[in-house]
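Enquirer: Below is the structure, and that's it, no one-letter string:
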């Protein structure tokens, strides 16, 4: 990202910290996919609420379970990109906030 090169060391550390706290964790996403994937747990985590509710409703019936199983397998391959894209968007938002924030001059030394 070109804008990222305009940040100083302090701002880069702040960016990394905020991205970790606001972003999604890949391990958590895959744990939710593995254990609660039939019920859309990973999709709720990724804020894909509409499709998560659809998975939850589909998993109630036998025919729906078959469809949900296929959907669950496909999501295993999509989840990695969802997390990366979400974190990329969070990082871009934070970088824009840092760049648009007015720069404060360093505080004078006092003895």
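Expert: Thanks, I have it. The structure displayed is predicted, hence computed values, not measured ones.

Enquirer: quick one: low-confidence parts of this structure?
Expert: For the chain, the stretches flagged by pLDDT under 70 are 1, 105-107, 110-111.

Enquirer: Check which residues of whatever helix or strand residue 17 lives in are buried.
Expert: Assessed by DSSP states H and E, residue 17 sits inside helix 9-22. Across helix 9-22, burial judged by 16 or more other C-beta atoms under 10 Å covers 11, 15, 18, 19. C-beta: built from backbone N, CA, C; applies to glycine.

Enquirer: Out of those, flag the one nearest to residue 4.
Expert: Using C-beta to C-beta, residue 15 comes nearest to residue 4 of the buried residues of helix 9-22, at 7.5 Å.

Enquirer: who are the neighbours in contact with the closest residue to the closest one other than its chain neighbours?
Expert: Excluding the flanking residues, the one nearest residue 15 by C-beta to C-beta, 6 or more residues apart in numbering is residue 94, at 5.5 Å. By C-beta atoms under 8 Å, 6 or more residues apart in numbering, the contact set of residue 94 is 14, 15, 18, 19, 22.
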